[in-house]
Each structure stands twice: as structure tokens, then as C-alpha cells.
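1. My questions concern the predicted model and sequence given below.
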There are 2 protein chains.
Amino acid sequence: MKHNYLDNIPLEEAKQRFFDLVKKDFSHKSEEIPTAASVGRVLTEAAYAKICCPHYNASAMDGIAVKARDTYTASESSPLILSPDKYTVVDTGDPIPEDKDAVIMVEDITFEGGKNVKIMASVHPFQNVRQIGEDICMGDMIAPSYTEITPPLCGAMLAGGITKVSVFKKPSVAIIPTGDEIVPPTENPRKGDIIEFNSSIFSGMLKQWGTDTRVYPIIPDKKELLEATVKDAADNYDAVLVLAGSSAGRDDYTCDIIKKLGTVCVHGIAIKPGKPAVLGKIGNAALVGLPGYPVSAIVVMREIVKELVAFLACKKAEKEQTITASLGKRIVSSLKYREYMRVTLGKIGNSYVAVPLPRGAGIVTSFTKADGLIAVPQNSEGIEQGEQVEVTLLTAKEDIESSIIVTGSHDPIIDEINDLMKIKGLPFSLSSSHVGSMGALNAVRAKQAHLGGTHLLDTQTGEYNKSYVEKYLDGKDATLIKGIGRIQGLMVQKGNPKGIKGFEDIVGLRYANRQLGSGTRILFDYLLKSHKIDKESIDGYRNEEFTHTAVAAQIAGGNADCGLGIYSAAQMYDLDFIEITVEEYDFIVNNDFAGTPAFAAFEEIFKSEELKERMRRMGGYRFG
Amino acid sequence: MKHNYLDNIPLEEAKQRFFDLVKKDFSHKSEEIPTAASVGRVLTEAAYAKICCPHYNASAMDGIAVKARDTYTASESSPLILSPDKYTVVDTGDPIPEDKDAVIMVEDITFEGGKNVKIMASVHPFQNVRQIGEDICMGDMIAPSYTEITPPLCGAMLAGGITKVSVFKKPSVAIIPTGDEIVPPTENPRKGDIIEFNSSIFSGMLKQWGTDTRVYPIIPDKKELLEATVKDAADNYDAVLVLAGSSAGRDDYTCDIIKKLGTVCVHGIAIKPGKPAVLGKIGNAALVGLPGYPVSAIVVMREIVKELVAFLACKKAEKEQTITASLGKRIVSSLKYREYMRVTLGKIGNSYVAVPLPRGAGIVTSFTKADGLIAVPQNSEGIEQGEQVEVTLLTAKEDIESSIIVTGSHDPIIDEINDLMKIKGLPFSLSSSHVGSMGALNAVRAKQAHLGGTHLLDTQTGEYNKSYVEKYLDGKDATLIKGIGRIQGLMVQKGNPKGIKGFEDIVGLRYANRQLGSGTRILFDYLLKSHKIDKESIDGYRNEEFTHTAVAAQIAGGNADCGLGIYSAAQMYDLDFIEITVEEYDFIVNNDFAGTPAFAAFEEIFKSEELKERMRRMGGYRFG
């Protein structure tokens, strides 16, 4: 069991080393292609017009071409008659005959007895004529070197007689997934199989960045085979991405192979996630060993590979939009790394609020849910709640502005409401996070959410939610609106192998608990107290899950024997269920939000027959 | 010669009619594709995870898997020895054996005599373990209906065991170019030939918007043939764009054919350019007759077809960024139309300045040069200079901010300097416009340009530029820097068929003049005066061109016999040249700009050997 100690090179220095190495003795390849198919490509040299546009004097109107001099005496008080030899009928775009130099619009002429034409006004030379070179003059530079060809530029070059252009070749990138335990996408993986989805993420990103991409078949952990594959890729592609598996030995393979065949300039970058990246070069190919965890690798793709692709394409890397937001939750960060946090974003009142998502490098859904990224600088201990932070946008600003921030207690119906909003074409979405019922109160009070889901039992009165809202929100900032009834109970393994009949039977079993502040946790603690069970006697009490489905997954997967949760989660995982109570799951609404069209849309869906039908199918809900 | 009178329907109403018609009885087609290839596509339905991710308890570290309970007594003061039956060696990603529940990092263990392991700290259950469902729980909604699939979402779906997804079919669009005089791109068009470049512009735009596009061969003006082609396209594509030629009859064909085969809902929109558009439907296909002028058609593409494509793809049309800028030149606009102005943009000091480009519907280069678009509302008479206007960006904001605004007198070396900046990788570009030498003084004074090119002869002193700068700029805001000497003279047709020997010989000939305020015009007027020639006797005096090449193009094309201009323009058009004078073409620099890195970059190129080499090749320049 050897362990590899990595460097910890600051990102800017790592990039400097890498791009110095990549650019050394590098020359871009070019090709000549038809201009008509050149949109999106980059000119290797300035484009000069070969002909004028128009390349002849063209009529700008439908009408008659005349010699301007012949019309000078015409006026409304003294109209002029032109005989057929003095004019030529022209349509827009037609050439002006050599002996004519102006056009009179069809609306301004009348035919007078046969072919004679009456005009009521004069025209001056070149009036209503598109003169030679009006748009483009031969020899004019239409675009300088290294210009990315837009659709209008493509048209302008064709108009200027440029039928072929020299452009840089599209960058070609090879992706090599590696690892014995890595398997192609499947819905039936065996224990220990790791589904290979990283190559799909990265080839999707590369496609958006405009490269030609090849994904090699998965290469098992055989050094010679990997070496041969890396060599083949380096010989045939501009850049090679080696996707490390997650075992330690493999990173060493990648680094050793690049060292053997070429040069390694960086192994270990002071960023988190993303540290264990390898940067180097083999022959003319740039080599990147990406970390195995998807989030780490996405960060390296965004921070380094994106710029590499731009360099290879001779384009500027597209700069992403940023906004300033108020941080919704304190971030603690390491002094050793520049740390990238995924956040959700919402607009509450007039300001944007950024709420950090789970940080784990393996949590790919943190990128799916993220609306933005915050980079906490190296040498910073973190950022306090409420501080203004710069956020790089991953979601369009207008989508963030039409997003309804729902937080608090987890219930799958939140996702179903979001789905129905989309299906009904309502211009809003729900962005939800699971912070428990108490979290809902806090977030709505702090104006970090529009809406919160809550099911808090007042153990004194037996009522749900009301006393909490009165106590924590003071009735001023928010209103409680009636939600649904939900059946809470104990989820147990299929067939109830532990023979659980009631709550008191959980003693001595492995329990899957919920996080502090969640309504289900409060219910659990209340039940423990009323059954006089010491929480310290519960195996698993300190191991907290954040959603009903996560608790169900622990039980279904054998990590626990039981856990409190809602009926629909038990259904989903095919677990047995012992009903304990019907609780009231209500919504707290920020009062400023309550009058908006977004809230009206939420209510429309919440009250819809479609949602009721879905709740019936999921089971365990009571609604009026 | 019949003429077709069009409607003038406000844009919003036209869109309403069109989209009501298109959406009526429309149903989107879908297909099932491998998730791995789904980036950029749109989900027809919500995606629910089929498995958990991780789908087993996986080690998050390299180290040893243990039963947490076995480690509770370990501490630094009392280390614990674990015998081989108490631990299993695991790499990151390996499954945790059934009888273990935590992992100790490899860094935290030491081997003690053979296979025994010493640990100095305890671990709690599930420490360093990625629990089942940590990222995704089976049954969780990963994304709602109608979500555009991003690379991370593609990865998350694969991680959740979704190997195939149902997505909407890509919209398919047919483009039908029409017209007898329309010819495929060529560098040798005959007089009257119109090069067909519109289809390349539109297929480029459609490609960027994500459609499958087919361009039909050019259809001549035969109604039956066009009708058969439109019918074939409507049967096989979601949308059909018919590109009208520029003759009047043809628009009628398009409209008549759509009416005959389906429905026309709009013929004529109150926008400029873009008015003569036709909107309708044949069967299930949306039909758009685009105006023949490229700029008109681009406007209709942007304002209507973009949204059509988004609807067909079930995506939201991407919203373009806007900025607020100060208008650099008054715009007069018609009350009858919503008018789209192309503008260049620059940042002078702290504010953006938008300068309108030529408005002609045939000027495709106005879109190539444009950094933004201003829409002047219908019922507005225009916008005054200096007013704040909202500009839709066509160029990235950071590119606008690194753009050096050069205005004033036209000289091809401005374009050459820009090209050399690109080639040398300097992070700036030149955005140039031709407003004459006096325009340079005005623009720099009004802080609408960083730099201006000028060659103004003081007829009293015989000196160039100095007295003008003193008079108009008062020495405070701007500095004059030494430029180059340029040979000015009379450009005449090859072989000098009119036998011109000197300036006095221009009397009685057709002359190509430059615009008022240009240095060349001032020189011309001075020469007329000193030669005692009456300007009214000059044929063509009132017909103004804006560049030296445009004057050369008029002479080469036979519109004029001679014109004043610089040697390099005559060279380019293979014209004969009669030298008149060597003038001083200098630069006026805004003082705020003079100290910036952008100006340093300009000076570096201006003084470079590469530019001198290019000037030598172009001919007619004198430099120190």
C-alpha cells in the first residue's frame, strides 16, 4: 500500500507551467474549406474582398432606370413624359443599363398612352441605385486574422467573392476512461462496479466547446495497455484526457506513463475539488490526467481544459457571466486550496441569494442543481453568511429570476410540483433544498427563500406548525398556508424481518436518523421521550440523512433496520411500513412573495387535479 | 408591372398571430436516445433515478475498512493494534465488506510486525464511507420535464442508472433560395448575377440554434416548380424558410403558394428592415417567407425564427445580453416602423458609446461590423445624440471593453494594424469607422473615439492638422501624434483613356467625390479654388463616397472617369494614378487614452517593421 504525495501548486502557476509547455514549439494546423460551411471556424489570415458588392450598379427598387439628366425638368406642376427609349424597366437587383444612372420607383410613375411614362419629379444621379461597392469594395479587409466566423461574416465573405477560406483545424480531443471496476452505463451494476459516466460529461462539455472528440473504450488497470493507448491517442489527437479511476495506484500509472512518453509539468494543484490532476505533454499533444471524482474533474475541465481547447482552436475562451449575491450560509474553507463551491441562486426581493450545495467531490448532482460557482481564494478561511460574493453563473440570469426558492422539509411532491409547472408551460421553476422544517423558518425569516415546507409538531398543544410560525416569524414576515396530511411511520426492511410492531421495538436495532431541525427528527425525539427511550441507546442516532428517500435507501441497502419517514418513500423502495401518525405538512410563504404571479403559479399547481392524481399514486398523502 | 401592397402589422401582433397558428394542433415529436449522447437535447418527461449512487457503500479513501465499534478505545496516548481479521484493505471506490462500517485513511495507520495494524484514533460509523444514495437516491427526480440536458445532468442520469432518455426530436428546417438571377457563390459573377449567400447566413444561425438544416438548390422563378418544392419541404420539415429574391413578383409567388397550400397569417410587418416578410403554415410546417435583402432577413430571423426554433425544440430562446450606452449620433426614425439600427460599441472612460452604422438593408457588412442592435420603437421619431439607449449585444462585453475606437479619415493601414494586433496576440482590437478627418476631431472631442486619423490641410500655412487640433481641441483633451506621409493624386481608368495630365484636366469629366469633412474633400475643394474651377461644373460633385476604395471602385466600374484618392487604392484596383501631393496623415489621441496599455499596443504595431513592410507592398506611403 504505497501512497503518492502530490504537489500543491497554485492554480495560476500550474496553468502558467502547463501553457508554457503546451505552446512550446506548437504550431496550429489549418485547412481550406468552402466559405459557405465556415460558420464557427476561425480565420488563419485576414479575409480581403475579391470583388465588390454589389459588383455592378444595381437597382434598389422596382421601377424604371433613366438618365438623371433627362428628368431634371420634371415637377408636380409640370410633369414629364418619357418615351420608351429614355427608360428601361428594372426590378430590384437588376443591373442599370450603361446609358442610365438612376431609378424612379414604380409608385411614382404612370403609363401614358401605350409605352410612354409620366413622371412628376426629377431624380439625381445614382438615386435608388445600389452603386458598385456600396456594401463591400474589392480589396477591403472584411475581417482580420483569427476572427471567429459568424453567420453575417460568412455572408459578407461570400458577397465579397471569397468562396474558400483558410481556417484552423478543429481541435481533436481523445478521452480515455480507465479502471478495472469501471463499467459502461447500466441500470444493473454489481456491487463494486462504478458506472463510467465521466466520459459522457466531458465529451458533452467538449462538444459545447467545439472540438472533435473520441471516447476510447474503458482501459483496465494494465500499465502496458494504458501506455499503448495513451501513445496512440497522443499520436492522433491534439489533446488527451486520461480519466483516472478512483483507486490510488492508477493516478501513478497516468503520471508515470506521461513522464515516460513525454513530460509532466504539474501533478497536484492547490484547488478543491480537483487537486490530483496531472498536466503534461507527449509529442505535440497536451496531456491531462483528470481526477476520478466527477466534481473534481469538472472543476479541472472548466479551469484548465476549457482554456486549452480555446488555445487549440485559436479562440478566446468564452467568459461566463457573473453576478454579485449575498451568501446564504457561512462557508469554511481551507487555507491550502482555492475552493470551488456550487451554489443555488435565487432573487428574493431585489437581491440575489447564493446558498452553498453539498461539497463532496463525488456529488455530481451538486453540479446538476447548481446555478453558480463561488471560488474561495487560497489563503482565505472562508466567507461569512450575508457577505457579498461574486458568483459565476451556470444558469441564465432570467431563469434565476423566475426561480421560486423552496426550502425546508423534504417531500417528493416539491419535485412533482416543479415538473407540473414545466408541463403546463408556466414560466417559473422551483429550486429546492432540504434543510429541515426549522431550516424553512430560518430561511424565510432571513429572506433566503420564498417558500418553506414544514411539519413541526408542538408537543404541548399537539398542533403542527402554527406555534412555531408565531414564535419564530412573529406573524409579520410570513404566512402559513395549509398543505397536506402525510402518513409518517417506521420504514422497515421488506417482510419486516425484525418483527417490529410499534415504535418501542426499535431498541437494539440499527436506526437511520434524520438531521437536527427536521420535522421528522423532532417527531423522533418526541417519540423517544414519550416512550422513555434513551437516545444514546439508539444505534445510528448520530448518523444523519437529509431526506426520506435517503433513509429508505439506507434500510433497503442494509445499512439500517428501520427509520422514521413518509409512506411514499417506503413505497418507492418497496419497504414495509408501520404507520405512526398523520402529520400536517404546510407551507410558510414570505409575505412579499405571496402576491406575485410566481406564487399564484405555485398555488395553481398545488391545487391542481394533476398533483392530487400524482399524490394518490405515490400514496400516504391526505388532502382536502 | 403590378405592385404588391403589404400590411404593416406591429411585430408583437404579427408574432401573436403566427405563433397561435403554428401552435394550433401542433404536437412535438420525440425519440428515445442513449443518455450518454443526450447533451443539448430536451427531456420530454421527468427523469427519475432507477438506482442509488453510490449503489453500495463505497470507501471514500484509500485505507482499511473496519467496524467502527472496534476502534472506540484508540487514541494517541493509547494506540490500538488491529489484527488482520479486524480490517480489510480498501481503495477509494471499493465496496465496504458487510461486517465493516467505516474506513481509516492510509495516512493514519502503521503496520506493526507483519499484518497487524496500529491506529491512533477511533472512527465513527460510516466515517470515510460514501453511503448508499449519498449522491442520488433511487426514485428521486433528477430533472423535471422539458429540461435541457447539460453535461453534468447527463452524468447524473447515467449515475442514476438511466441509460436511455426520451427527448424531443431536433427541429428540422428547410431553406429554399429562389430567383432567376441568384447564383451559387463565385468570384466571377456576371453583371446582374446575385450571389446566393443568404442561405449560408441562415443555416449558420440555425446551426447555432441547434436545428437540422437542409438547403435546397436554388429554385428559379417558375411558380409550379417553387410550389412543388415548398410542398416537398413542408411535408418533410418542421419549418420552411423561403428566401425571396429581390424582384417584386417573387414575393407574391411565396405568399400565393403558401395561401394555396395552407394559410398565410401575416404579409408585411411594421419593422424596418424586415417589412416584406410572409408568415404562415402548410400542414404541420411553419412557413416563413424571408425578405431578399440580407439585413432585412437577418432581422426577421432574429426576431421571429429564433423563437420559432426554440418553440419547436421545446427550449426557451436564449436571451441576449444588453447594456446601456450613450448614443453617439442622432437617429431619425419612421413613426411607421419599429426600426433596428446596427451600432458599433466602445468604452470611452467609464461609459459605453453606441455609434450607428449604415442603415441600408443590403449592407451585410453593417452586421459584420456591428457590436450591438438598437430597436427604435414604432411611433418614435428617433433618438437624440447623447441619450442613453438599451443595446442588445452582438459582441461579448469584454471584447467591447478591449476595443480601440478609431474614427476619422479612411486609410487601409487601420485594418492592417488591427490584423497585426491579432497576429501578435495583443488583447485589443480596432473598431474603425470612416467619418472623415473633421469627424475625427469631433468624435475625439465628444469622447466618442479613442483615436482619430486626420489629414487636414491648412491652406493658409500649408501645414497639416496642427492648426485644426489647436482650434477644435484647444490642446487640452487630445494630442496630435505623427503618422505617415501619403501620396494623394487623381485615380483614372487604366491606360488613362481621357488623357488626364494634371488636375486642370478634370473639367468636363465624370468625377467621384468624397464626403464633406473628409481631408480628401477639403483638398479637392482647395484644388478647385486654386485652379479657379467652379465646383458646379464638376459632374458628380454631389455624389459622395466614404472611402478611397469606394472612389476607386466607381472609377474601375465605369461610374466615373476620375477621383482624388491615395496611391494604394489606385494600386488595388489597377488604376492609373497622377500624383498631386504628399500629405500628412496623423493621429489625434484622446489624452485619457494615451497612457493606457491599449494605446501602447497600438503604438507598438504602428511602429513595427511588419506594418512598414505591408505599407511598402501597398505603395504610396512615406514613413520615417
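-> Alright, I've got the coordinates.
2. For A:Val507, list the residues it contacts.
-> A:533, A:537-538 (CB atoms under 8 Å, 6 or more residues apart in numbering or on different chains). No exception for glycine: its C-beta is placed from N, CA and C like everyone else's.
3. same thing but at 7 Å, please
-> Residues near A:Val507 by CB atoms under 7 Å, 6 or more residues apart in numbering or on different chains: A:533, A:537.
4. can you give me the strands in the stretch 1-150 of chain A?
-> Secondary structure of the stretch 1-150 of chain A, counting by DSSP state E, counting those that start in this stretch: strands at A:30-34, A:47-48, A:58-59, A:63-66, A:80-82, A:88-90, A:102-105, A:109-112, A:116-119, A:129-130, A:141-143.
5. Check which helices and strands the longest one sits against.
-> The criterion is 3 or more CB pairs under 7 Å, 6 or more residues apart in numbering or on different chains; DSSP states H and E, and the helices and strands that strand A:30-34 contacts are strand A:164-168.
6. which helices and strands does the helix or strand following the strand it packs on pack with?
-> On the C-terminal side of strand A:164-168, the nearest following helix or strand under DSSP states H and E is strand A:172-177. Contact analysis of strand A:172-177 by 3+ CB pairs under 7 Å, 6+ apart lists helix A:198-209, strand A:212-215, helix A:223-236, strand A:239-243 as its packing neighbours.
7. Output stretch A:180-193 as CSV, restricted to C-alpha atoms.
-> Once side chains and other backbone atoms are set aside, the C-alpha atoms of stretch A:180-193 remain, and they are given as CSV (Å, rounded to 0.1, in the frame of the first residue of the first chain):
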residue,chain,number,x,y,z
ASP,A,180,-10.9,-2.4,-13.6
GLU,A,181,-14.0,-1.6,-11.7
ILE,A,182,-15.4,0.9,-14.3
VAL,A,183,-18.3,-0.4,-16.3
PRO,A,184,-20.3,1.1,-19.1
PRO,A,185,-23.7,2.7,-18.2
THR,A,186,-26.2,0.2,-16.9
GLU,A,187,-29.2,0.0,-14.7
ASN,A,188,-28.0,-3.2,-13.1
PRO,A,189,-24.5,-2.6,-11.7
ARG,A,190,-22.9,-5.2,-9.4
LYS,A,191,-21.6,-4.2,-6.0
GLY,A,192,-18.2,-2.5,-6.6
ASP,A,193,-19.0,-1.6,-10.2
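8. Okay, buried residues for that stretch please.
-> For stretch A:180-193, a neighbour-count test (16 or more other CB atoms under 10 Å in any protein chain shown) marks A:181-185, A:189, A:193 as buried.
9. ok, and of those, which contact chain B?
-> Near chain B, taking CB under 7 Å from any CB of the partner chain as the test, the members of the buried residues of stretch A:180-193 found are A:181, A:185, A:189.
10. contacting residues for the residue sitting nearest the centre point of chain A?
-> Ranked by distance to the mean C-alpha position of chain A (CA atoms, centre = their mean), the top residue is A:Leu394 at 4.6 Å. Residues in contact with A:Leu394 (CB under 7 Å, 6+ apart) are A:370-373.
11. Now, these that are in strands?
-> Among the contacts of A:Leu394, the members found in strands (DSSP state E) are A:372-373.
12. Let me see the contact set for A:Ser440.
-> Careful, residue A:440 is Ala and not Ser. With contacts taken as CB under 7 Å, 6+ apart, A:Ala440 has the following neighbours: A:407-409, A:452-454, A:588.
13. Counting neighbours, which of those end up buried?
-> Going by neighbour count (16+ other CB under 10 Å), the contacts of A:Ala440 have A:407-409, A:452-454, A:588 buried.
14. hmm, back to that, ranked by average pLDDT, which of the strands of the stretch 1-150 of chain A falls at the bottom?
-> With a mean of 87, strand A:109-112 has the lowest mean pLDDT of these.
15. Parallel or antiparallel, list what pairs with it.
-> Sheet pairing for strand A:109-112, assigned by DSSP bridges, gives strand A:116-119 (antiparallel).
16. CA atoms of the partner strand as CSV?
-> The C-alpha trace of strand A:116-119 is given here as CSV (Å, rounded to 0.1, in the frame of the first residue of the first chain):
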residue,chain,number,x,y,z
ASN,A,116,-44.9,56.4,-72.7
VAL,A,117,-44.3,57.1,-69.0
LYS,A,118,-45.3,60.2,-67.0
ILE,A,119,-43.1,61.3,-64.1
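17. chain center to it: distance?
-> For strand A:116-119, the gap between its own C-alpha mean and the chain's C-alpha mean amounts to 65 Å (CA atoms, centre = their mean, to the nearest Å).
18. ok, back up a step: right, so the helices and strands packed on strand A:172-177: which one is the most enclosed?
-> With neighbours defined as mean count of other CB atoms under 10 Å in any protein chain shown, the helices and strands packed on strand A:172-177 peak in mean count at strand A:239-243, which reaches a mean of 28.
19. Partner strands of it, with direction?
-> Looking at strand A:239-243 with DSSP bridges, what it pairs with is strand A:172-177 (parallel), strand A:285-290 (parallel).
20. now the strands for the stretch 401-550 of chain A?
-> So, for the stretch 401-550 of chain A - with DSSP E, counting those that start in this stretch - the strands run A:403-408, A:429-432, A:451-454, A:478-492, A:513-514, A:544-545.
21. Out of these, which is closest to B:Leu158?
-> strand A:429-432 (22.6 Å; CB to CB).
22. pLDDT on that closest one, on average?
-> Looking at strand A:429-432 alone, the average pLDDT works out to 92.
23. Stretch A:371-388 too?
-> What stretch A:371-388 shows for mean pLDDT is 94.
24. Could you check it and say which residues are buried?
-> Going by 16+ other CB under 10 Å, stretch A:371-388 has these buried residues: A:371-376, A:378, A:383.
25. now swap in stretch A:19-27 and tell me
-> Of the residues in stretch A:19-27, those buried by neighbour count under the rule 16+ other CB under 10 Å are A:19, A:21-22.
26. same question, stretch A:66-79
-> Buried residues in stretch A:66-79, defined by neighbour count with 16+ other CB under 10 Å: A:66-68, A:70-71, A:74.
27. Quick one: the residues you listed as TSV, columns for distance to chain B too.
-> Below are the buried residues of stretch A:66-79 laid out as TSV (distance: CB to the nearest CB, whole Å):
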residue	distance to chain B
A:Val66	15
A:Lys67	12
A:Ala68	10
A:Asp70	15
A:Thr71	15
A:Ala74	18
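28. returning to that earlier point: closest one to B:Ser27 out of the ones next to chain B among the buried residues of stretch A:180-193, please.
-> Within these, the smallest distance to B:Ser27 is 29.9 Å, found for A:Pro185 (CB to CB).
29. for that closest one, helix, strand, or coil?
-> Secondary structure of A:Pro185, reduced to three states by DSSP: H, G, I helix; E, B strand; the rest coil: coil.
30. cool, the one 3 residues further on as well?
-> Secondary structure of A:Asn188, reduced to three states by three-state DSSP: coil.
31. Which residues of the stretch 451-600 of chain A lie near chain B?
-> Within the stretch 451-600 of chain A, the positions near chain B by CB under 7 Å from any CB are A:540, A:542-543, A:547, A:549-550, A:553-554, A:557, A:559, A:572-573.
32. Model confidence score at whatever residue of the stretch 251-400 of chain A ends up closest to chain B, please.
-> Using CB to the nearest CB, the closest approach of the stretch 251-400 of chain A to chain B is made by A:Phe367 at 3.7 Å. A:Phe367 is assigned 93 on the pLDDT scale.
33. doesn't A:Arg342 make contact with it?
-> Yes: shown here, A:Phe367 and A:Arg342 form a contact pair, counting by CB atoms under 7 Å, at 6.0 Å.
34. Contact partners for A:Lys118?
-> Residues in contact with A:Lys118, defined by CB under 7 Å, 6+ apart, are A:79, A:81, A:109-110, A:112.
35. Return the most buried member of the strands paired with strand A:239-243.
-> Each of those was given a mean neighbour count from mean count of other CB under 10 Å, and the largest, a mean of 28, is that of strand A:285-290.
36. what angle separates that one from helix A:223-236?
-> Direction vectors for strand A:285-290 and helix A:223-236, defined by axes from the mean of the first three to the mean of the last three CA atoms, to 10 degrees, enclose an angle of 130 degrees.
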